[in-house]
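K.L.:
Sequence first, predicted coordinates after that:
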Amino acid sequence: MNRVMIALALLAAALFSASLLVGPAGLPVGDSLVALWQGGDGPVAMVMRQIRLPRAILALMIGASLGLAGAAMQGYLRNPLAEPGLIGVSGSSALGAVLAIHTGAAAMWSLGLPLAALGGALAGVALVMGLAGPRGGSLTLILAGIAISALAGALTSLVLNLSPNPFAANEIVFWMMGSLADRSMTHVWLAAPLMAVGWVLIGTLGRGLDALTLGEDAAGAMGVNLPRMRIVLVLGTACVVGASTAVAGAIGFVGLVVPHILRPFVGARPSRLLWASALGGAVMLLVADIAVRIILPTQDLKLGVLTALVGAPVFLHLIYKTRRDGI
Amino acid sequence: MSLLSLSELGVILRGRPVISGVTLDIAPGEFVGLIGPNGAGKTTLMRAALGLIPAAGHSALGALPPAQRAKLAAWMPQSREIAWPVTVETLVMLGRVPHLGAGQRTTPADRAAVESAIAQMGLGPLRHRAATRLSGGEAARALIARALAQETPLLMADEPTAGLDPAHQISTMETFAALAAQGKSCLVSLHDLGLAVRHCTRLILLGKRGGQGCVVADGPPADVLTPERLEEVFGITAAYLHTADGPLFQPLRITR
């Protein structure tokens, strides 16, 4: 298990460095690293510190967040098809962002969009928690999440439908595909504290998730406080997914595919899967973000499109393999 | 004081009273079989006693904070849910969850408890197998081992012998009897009255009166399973023989 973690950590570190060294500017490796380290006002330092560094950091943080939240969600619901978006955070966060673009708040103030997205995430979570109630099984949580997702999706379509000009509509569509292009350190500082809170919250769930392997009744009798666990899970997921969506748009499939791929490597234990998935998510998003820059450097291929394009076939393959194994 | 102590326990589920007025105590060293027809409220009674569902009246265990209760009572639910393909060893180790502090790693004592539970249930050859790939009976034994690894003075299990072959049914009952002989308390719901009569030191018979479950009889097996009660509660006749090999119980006919 430790070998898996070390391998993933090394891979993430290598990809993080690679992410810093890849870009349309085509800077020499040595110069870039010196500029990154020393700073200054030169163009190389600007590119490294203000364009590539925030992009690499965001890929790392968002990937880790989505992987971690996905593993926690699958463990809590005891369902390998669960993903962080299931509780409606992504949808409501996207709605907030779309409203900001539509009303022009995003154009007036650079933080308008991420803050609106966070507000949307918060409102969505409040609604889900209100709908699902303080007690009750995981089924009510899924149903409430789906209801809120559907509502947020419908309202997003409505905003798109009523969009006053094609440019706003275009911007909304692009934003919903997810991207890390042109993000700054401001975005990093906006997302980091919220994500850190989410990581800590979800990090406390490991043992309870292990116990839930035997079902809610057995876990309850083993002293696991299920209502509290549910609140912590929902709040933690809202923090990490809300912050991710706020700064990078909608990026799907990471939280679904990564835990699924890594589960056999950690002996299927939910607590171990949490941190392996966080590293795996970071690896997947760093790879995807490097790939969008290499594959079509001139066309601005969107990150969310690539993760879905890669994620869906991988997932299909996994389903096929599962079926062949006769489960 | 006994661990499992209920007074006037009642449960209302979805507006319907399921059990009411249950008062009983289980002393250390007792192996109690909880019997009764389907729907009499055996599972509900045990879940309410553990405080897993809201209940009227008083349950000593139910009144405890969950973390403290988990060190006193182990519970094996009827549904044999195993969500992930963890190894049998990992599954049994889950029984140590109540004994570990936040972030604490397993100690030699935890591993010893797991080893002993694996040995008691004869799971040695299966320890590295994925728990989701076990047969029904093997999974049942792994889950009993999980409950044993919790090392609590009280063990509660909901139909632990269902789906086991005769040899494993007997060895499971003997495991509970041995725990009781060590001074622990065991409360086990059973449908096989023959097993209950042979192995339990005491039977609690739940039956329906006025649409809700209540304790119809409570005592040594021979006193509880009288022909009148079998007729009233189960609607059957049965042969109850005292042989040199111990008591024998065999249901015979339906009377209604």
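P.N.:
Okay, I see it.
K.L.:
Run through the helices of the stretch 1-150 of chain A in chain order.
P.N.:
Counting by DSSP state H, counting those that start in this stretch, one finds helices in the stretch 1-150 of chain A at the ranges A:2-21, A:29-38, A:43-46, A:53-77, A:89-103, A:105-108, A:112-132, A:138-161.
K.L.:
next one: chain B
P.N.:
In chain B, the helices defined using DSSP state H lie at B:42-49, B:66-72, B:88-93, B:108-120, B:136-149, B:166-181, B:193-199, B:221-224, B:227-229.
K.L.:
how about the helices of the stretch 1-150 of chain A, which one is nearest chain B?
P.N.:
Taking C-beta to the nearest C-beta, helix A:53-77 is the member of these nearest to chain B, at 8.1 Å. Using the backbone N, CA and C atoms, a C-beta is placed for each residue, glycine as well.
K.L.:
Which neighbouring elements make contact with the closest one?
P.N.:
For helix A:53-77, the elements it packs on are helix A:2-21, helix A:138-161, helix A:185-203, helix A:206-211, helix A:226-248, helix A:254-262, helix A:270-295, judged by 3 or more C-beta pairs under 8 Å, 6 or more residues apart in numbering or on different chains; DSSP states H and E.
K.L.:
on that earlier part again, in TSV: the helices of the stretch 1-150 of chain A, plus mean neighbour count.
P.N.:
Compiled in TSV, those are given as follows (neighbours: other C-beta atoms under 10 Å in any protein chain shown):
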stretch	mean neighbour count
helix A:2-21	16
helix A:29-38	14
helix A:43-46	15
helix A:53-77	28
helix A:89-103	27
helix A:105-108	16
helix A:112-132	21
helix A:138-161	17
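K.L.:
and these as TSV, adding mean pLDDT?
P.N.:
Below are the helices of the stretch 1-150 of chain A laid out as TSV (pLDDT from 0 to 100):
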stretch	mean pLDDT
helix A:2-21	92
helix A:29-38	76
helix A:43-46	79
helix A:53-77	94
helix A:89-103	88
helix A:105-108	78
helix A:112-132	86
helix A:138-161	89
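K.L.:
May I see the helices of chain B arranged in a markdown table, with mean pLDDT, mean neighbour count and distance to residue B:212 as well?
P.N.:
Below are the helices of chain B laid out as a markdown table (pLDDT from 0 to 100; neighbours: other C-beta atoms under 10 Å in any protein chain shown; distance: least, C-beta to C-beta, whole Å):
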| stretch | mean pLDDT | mean neighbour count | distance to residue B:212 |
| --- | --- | --- | --- |
| helix B:42-49 | 94 | 24 | 10 |
| helix B:66-72 | 92 | 18 | 26 |
| helix B:88-93 | 94 | 25 | 36 |
| helix B:108-120 | 93 | 17 | 37 |
| helix B:136-149 | 92 | 23 | 29 |
| helix B:166-181 | 91 | 17 | 28 |
| helix B:193-199 | 94 | 22 | 22 |
| helix B:221-224 | 92 | 17 | 20 |
| helix B:227-229 | 92 | 12 | 18 |
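K.L.:
nearest to residue B:208, of those?
P.N.:
Across those, residue B:208 has its closest neighbour in helix B:42-49 (11.6 Å, C-beta to C-beta).
K.L.:
about what we covered before: so which of the helices of chain B comes closest to residue A:110?
P.N.:
So among the helices of chain B, helix B:66-72 is nearest, using C-beta to C-beta, at 47.3 Å.
K.L.:
I'd say residue B:254 and residue B:238 touch.
P.N.:
No: between residue B:254 and residue B:238 there is no contact under C-beta atoms under 8 Å: 11.0 Å.
K.L.:
which of the two has more neighbours?
P.N.:
Shown here are residue B:254 and residue B:238; by other C-beta atoms under 10 Å in any protein chain shown, residue B:238 has more neighbours (17 against 9).
K.L.:
what does chain B have sitting close to chain A?
P.N.:
Applying C-beta under 8 Å from any C-beta of the partner chain, we find that chain B lies next to chain A at B:47, B:50, B:52, B:66-71, B:73-77, B:79, B:81-87, B:90-91, B:94-95, B:97-98, B:100, B:102, B:130, B:132, B:143, B:146, B:150.
K.L.:
how about residue B:135, what does it touch?
P.N.:
Residues near residue B:135 by C-beta atoms under 8 Å, 6 or more residues apart in numbering or on different chains: none.
K.L.:
distance of it from chain A?
P.N.:
14 Å (C-beta to the nearest C-beta, to the nearest Å).
K.L.:
Just the closest residue of the stretch 1-150 of chain A to chain B, please.
P.N.:
With C-beta to the nearest C-beta, the shortest gap between the stretch 1-150 of chain A and chain B falls at residue A:78, namely 3.8 Å.
K.L.:
Dihedrals phi and psi, that residue?
P.N.:
phi 50, psi 50 (degrees, to the nearest 10).
K.L.:
That one contacts residue A:213, doesn't it?
P.N.:
Yes: the criterion here is C-beta under 8 Å, and residue A:78 meets it with residue A:213 at 7.4 Å.
K.L.:
can you pull the contacts of the residue nearest to residue B:175 when sequence neighbours are not counted?
P.N.:
Distances taken as C-beta to C-beta, 6 or more residues apart in numbering or on different chains place residue B:120 nearest to residue B:175, at 5.8 Å, with adjacent residues excluded. Counting by C-beta under 8 Å, 6+ apart, residue B:120 makes contact with B:145, B:148, B:175.
K.L.:
doesn't residue A:254 make contact with residue A:285?
P.N.:
Yes: under the criterion of C-beta under 8 Å, residue A:285 makes contact with residue A:254 at 6.1 Å.
K.L.:
so what sits against both of those two?
P.N.:
Residues touching both residue A:285 and residue A:254 (C-beta under 8 Å, 6+ apart): A:63, A:66, A:307.
K.L.:
Isn't residue A:125 up against residue A:234?
P.N.:
Yes: Residue A:125 is within contact range of residue A:234, at 6.1 Å (criterion: C-beta under 8 Å).
K.L.:
Please report how far the most centrally placed residue in chain A lies from residue A:299.
P.N.:
In chain A, the centroid-proximal residue (C-alpha atoms, centre = their mean) is residue A:66; its distance is 3.3 Å. Residue A:66 sits 24 Å away from residue A:299, taking C-beta to C-beta, to the nearest Å as the criterion.
K.L.:
cool, residue A:126 as well?
P.N.:
Between residue A:126 and residue A:299 the distance is 39 Å, computed by C-beta to C-beta.
K.L.:
how long is stretch A:42-61 end to end?
P.N.:
Terminal residues of stretch A:42-61 are spaced 27 Å apart (C-alpha to C-alpha, to the nearest Å).
K.L.:
Touching it from outside, list them.
P.N.:
Residues contacting stretch A:42-61 (C-beta under 8 Å, 6+ apart): A:12, A:16, A:19-21, A:23, A:25, A:27, A:31-32, A:35-36, A:38-39, A:180-185, A:187-188, A:191-192, A:195, A:244, A:247-248, A:282, A:285-286, A:288-289.
K.L.:
How about stretch A:96-106?
P.N.:
Outside stretch A:96-106, the residues that reach it (C-beta under 8 Å, 6+ apart) are A:107, A:112-121, A:123, A:156, A:159-160, A:162-164, A:168, A:171-172, A:175-176, A:245-246, A:249.
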